[in-house]
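>>> quick one, what's the 3D model for this:
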Amino acid sequence: MTAEDLKRLLDDICKARIAVLGDYCLDAYWFVDRSREEISVETGLPTRPVMEQRYSLGGAGNVVMNLVAMGVDMVLAGGVVGPDPFGNEMLRLLKLAGVAWDGILTQAADWATHVYAKPYVNDTEESRIDFGTHNILSAKTCAELLEWLRSAVRKADVVVVNEQISSGIHSSADFREGLCQVVRDAPDVIFVLDSRHYADSYSGMIRKINAAEAMRLCGKSAAETDVVSLDDAVAAARALEARWGLPVAVTRGARGCVVADRAKVEAVPGILIHGRTDPVGAGDSFLAGLAAALAAGRDVFDGARLGNFAAAVTVQKLFQTGVATPEEIMEVGADPDYVYRPELAEDARKARMIEGTDIEIVGELPSGERFTDVVFDHDGTISTLRQGWENIMEPFMVRAILGEKYGTVEETLYLKVLGRVRDFVEKTTGMQTLAQMHGLVGMVAEFGLVPGSEVLDANGYKRLYNEELMRVVKDRIRRLRSGRLSVEDFTIKNACVFLRRLRGMGLRLYLASGTDEEDVRAEAEALGYADVFEGRIYGAVGRVEVDVKKIVMDRIISDSLKMSVGRLLTFGDGPVEIRETRKHGGYCVGVASDEIRRFGLNSEKRARLIKAGADLIIPDYSDIEKILDALGLA
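Numbers count the residues shown, from 1 in each chain. All right, here's what the predicted structure looks like:
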């Protein structure tokens, strides 16, 4: 789906009409401040002082709120609440959203509003308190709800049926039977079902189901926390689509989803998220995107793509059941960073090697004309002058986040900050340093341990980090120039020979780095290969919105030669250059180098590069002839 396709889809959603029938829930976030604890006179136990409370719609309510946020023209809500304060709050939120809420019925007896109360201490969720676990749907409420549904199907393009609570409206056999009859009576209306407990009880509905549920429906054991492989997800989607006779979308969390419709099965990859995530409500966001696309006249595959984008937005919203607006969806979907082949990346046993070498074939070589333009990343792909930069950035970021408390903070918080920084550094490898420092500013604010007056901007943190890094780099260059060490001590094995071999074949070589351009040029000169690039050396220019690697790719693609897809070749050890090449239709060689030894495989890099979209993995340039042969350049 191109950015233009996505924009047209979001525009068309504004004309859609969708009814949502299901288990409406309220998510209650109670933030406890233990510094205000008192000992209760009555019990002798410490109190739980709530500093702040937030309420948002969950379950079917979260689907509704996502549809509203996406700009759906008319949203009709049908469900049941209890005669309690939580029910009043739910109705207030629905009214505030402009939803047609006349289908939300209040049952006076044997019903409590479904509420998930989540106490938080600092940012850690403690044991949840659930309301509405003993509900029984009355015959009167059941009849009224089905009558509302009969009216709603005459107004809606799509009806979403949500079921996720064992004591919800679907626990009534009369309701399930009545719902099946409504579906049979409305063959021209699209019904989309998301059901945890009654997926096999309904027919005539498109299904959205998570991978663990799909496996269990196929008779296989799977816990919600289990990782379901792509092969198993595809097999389950095929089997369930055949069983129910309508499309099935099997969601796989961070790994995207699999969609089956008749003879076609498509795997939609997951999307890389750089920061912290909270999966609560992501399935509802996916469901809303799927339903909205169907209501706008698109097929289930476009619906899965839109749902994937929406879920990628909401998982980044912490301590809330988030929604995704068209602007946020466009920000993710216009230029998404997909996660490719996670199964292969995480299981080296599946590697397909060129016999007698350490070269791994991941994707097939494109047919057509030979490569003419070759982009090289610098650090870790050719040069190791900056080897160990992570070991400088990691403690630098930890100190920046902890501030004056660096030496005194309790171990639990220190390890939490350290883990957060390590995850961020791993995910942003290959990005401009300035972009990483923007991320640092966000983490400093997130932990809130440094007074606002002492927090630097991204440029300030970059300057301090570069000072630490450049002390190491300049010392290495001094030793190189003094003759104590040689070029081979600071380059990946055979890199210089390989560069000159490619240049001798008439290929145009480009050097693109997230490091400042002045430093990249100086380091390439010091290592003796700047000349092979004939001036085509690009680095960061001090503006985070200017991505050097994107600029180089765009420049090559739009070259006056009108080069065709497949003629661009990139070598890199970081995800950024691999992703950008893949987006432009080029071929990607991941250099999974051990920068300390300067030869041999770094298994962590291998996994990272495959997920970014690498087509070929090499540990170094030892087997020049075999590499050239694999690229069709021999």
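>>> for the protein, name the helix or strand with the lowest mean pLDDT.
Least confident helix or strand of the chain, by mean pLDDT, DSSP states H and E, is helix 548-557 with a mean of 67.
>>> burial check on residue 476, number of neighbours?
Neighbour count for residue 476, taken as other C-beta atoms under 10 Å: 19. Every residue, glycine included, has its C-beta placed from N, CA and C.
>>> just the element for it, please.
Using DSSP states H and E, residue 476 falls within helix 458-481.
>>> which parts of that helix are buried?
In terms of neighbour count (16 or more other C-beta atoms under 10 Å), helix 458-481 has its buried residues at 458, 461, 462, 465, 466, 469, 472, 473, 476, 477, 480.
>>> what does stretch 7-23 give?
Buried-residue list, stretch 7-23, by 16+ other C-beta under 10 Å: 9, 10, 12, 13, 16, 17, 18, 19, 20, 21, 22, 23.
>>> show only the entries of the residues you listed found in strands.
17, 18, 19, 20, 21 (DSSP state E).
>>> hmm, the fourth one is touching residue 74, no?
It refers to residue 20. No - with contact defined as C-beta atoms under 8 Å, residue 20 does not reach residue 74; the gap is 11.2 Å.
>>> so can I have a markdown table of the buried residues of helix 458-481 showing pLDDT?
A markdown table is the format used below for those (pLDDT from 0 to 100):
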| residue | pLDDT |
| --- | --- |
| 458 | 92 |
| 461 | 95 |
| 462 | 92 |
| 465 | 94 |
| 466 | 90 |
| 469 | 92 |
| 472 | 93 |
| 473 | 92 |
| 476 | 93 |
| 477 | 93 |
| 480 | 93 |
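>>> which two among those are spaced furthest apart?
458 and 480 (30.9 Å; C-beta to C-beta).
>>> circling back to that earlier point, out of the buried residues of stretch 7-23, who's nearest residue 303?
For those, the nearest to residue 303 is residue 9 (9.3 Å; C-beta to C-beta).
>>> the closest one and residue 70, how far apart?
Using C-beta to C-beta, to the nearest Å, we find residue 9 at a distance of 10 Å from residue 70.
>>> ok, now residue 98?
To residue 70, residue 98 is 13 Å away according to C-beta to C-beta.
>>> so the two - more neighbours on which side?
residue 70 (27 against 10).
>>> identify the residues contacting that one.
10, 13, 288, 289, 292, 310, 324, 325, 326, 329 (C-beta atoms under 8 Å, 6 or more residues apart in numbering).
>>> try residue 255
Counting by C-beta under 8 Å, 6+ apart, residue 255 touches 227, 230, 269, 270, 339, 342.
>>> go again with 10 Å.
Taking C-beta atoms under 10 Å, 6 or more residues apart in numbering, we find residue 255 in contact with 211, 227-230, 233, 267-270, 339, 342-343.
>>> just the buried members of those?
Neighbour-count burial (16+ other C-beta under 10 Å) is assigned, among these, to 211, 228, 230, 233, 267, 268, 269, 270, 339, 342.
>>> hey, where'd the helices end up in the stretch 251-400 of the chain?
In the stretch 251-400 of the chain, the helices defined using DSSP state H, counting those that start in this stretch lie at 282-295, 300-314, 326-333, 342-346, 389-402.
>>> most tightly surrounded among those?
Highest mean neighbour count among these (mean count of other C-beta atoms under 10 Å): helix 282-295, with a mean of 29.
>>> now it against helix 326-333, angle please.
Direction vectors for helix 282-295 and helix 326-333, defined by axes from the mean of the first three to the mean of the last three C-alpha atoms, to 10 degrees, enclose an angle of 100 degrees.
>>> and helix 282-295, average pLDDT?
Averaged over helix 282-295, pLDDT sits at 95.
>>> coming back round to it: nearest to residue 153, of the helices of the stretch 251-400 of the chain?
Closest approach to residue 153 among the helices of the stretch 251-400 of the chain is made by helix 282-295 (12.9 Å; C-beta to C-beta).
>>> convert the C-alpha atoms of the closest one to CSV, please.
The C-alpha trace of helix 282-295 is given here as CSV (Å, rounded to 0.1, in the frame of the first residue of the first chain):
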residue,chain,number,x,y,z
ALA,A,282,-3.7,-3.3,19.9
GLY,A,283,-6.1,-6.0,18.7
ASP,A,284,-9.0,-3.6,19.0
SER,A,285,-7.1,-1.1,16.9
PHE,A,286,-6.4,-3.7,14.3
LEU,A,287,-10.1,-4.8,14.2
ALA,A,288,-11.2,-1.2,13.8
GLY,A,289,-8.8,-0.7,10.8
LEU,A,290,-10.0,-3.9,9.2
ALA,A,291,-13.7,-3.0,9.6
ALA,A,292,-13.1,0.6,8.4
ALA,A,293,-11.4,-0.5,5.2
LEU,A,294,-14.1,-3.1,4.5
ALA,A,295,-16.8,-0.4,5.0
